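Visitor: can't give you the sequence, but here's the structure:
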């Protein structure tokens with residue numbers, strides 16, 4: 001299951017994988033996100049809050065789906081990943097192989113810093 005919410009007037013999408021991830025859930029999320037991308041042309045950022053997701057190896061295999069379908073990742077300027085998992089340090093290198101956006105990890109207690117980084121790309 002994937003929960004989501006919007007920040008900064010639909011400029012930043014936050015997703016929270018909270019259970020096993022299935023392709024149908026990504027398609028359902030994409031159906032809600034696509035109209036926003038069509039309206040704005042892009043999204044400032046994607047915040048992946050992975051605090052409740054324990055399947056990092058499965059998550060890595062799901063990365064291409066995580067940024068939806070049909071190359072939506074090209075419409076994000078930045079992606080922030082929130083987690084205290086030790087593998088977090090390797091996520092940017094992994095994600096950079098799959099997405100066009102700049103990717104950066106953040107510890108769970110730095111959610112505000114992650115949102116600030118997403119909001120103001122350099």
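Guide: In hand now; what should we look at? Since the model is a prediction, treat every value here as computed from it, not as a measurement.
Visitor: just the buried positions in the longest helix seen in the chain, please.
Guide: Counting residues, the longest helix found in the chain (DSSP state H) is helix 23-40. By 16 or more other Cβ atoms under 10 Å, the buried positions in helix 23-40 come out as 25-26, 29-30, 33, 36-37. Where you see a C-beta, it was placed from the backbone N, CA and C, and this is true even at glycine.
Visitor: for residue 19, which residues are in contact?
Guide: Each residue near residue 19 by Cβ atoms under 8 Å, 6 or more residues apart in numbering is listed here: residue 1.
Visitor: pretty sure residue 9 sits in a helix.
Guide: No - the assignment for residue 9, made by DSSP: H, G, I helix; E, B strand; the rest coil, is coil rather than a helix.
Visitor: hang on, the earlier thing: quick one, the following helix or strand past the longest helix of the chain and helix 23-40 angle?
Guide: For helix 23-40, the following helix or strand on the C-terminal side (DSSP states H and E) is strand 43-49. Between strand 43-49 and helix 23-40, the angle comes out at 150 degrees (axes from the mean of the first three to the mean of the last three Cα atoms, to 10 degrees).
Visitor: elements contacting strand 43-49?
Guide: strand 12-17, helix 23-40, strand 76-82, helix 111-119 (3 or more Cβ pairs under 8 Å, 6 or more residues apart in numbering; DSSP states H and E).
Visitor: how close does the residue nearest to residue 83 when sequence neighbours are not counted get to residue 105?
Guide: Counting by Cβ to Cβ, 6 or more residues apart in numbering, residue 83 lies nearest to residue 50, which is 4.2 Å off, once chain neighbours are set aside. Distance, residue 50 to residue 105, by Cβ to Cβ, to the nearest Å: 10 Å.
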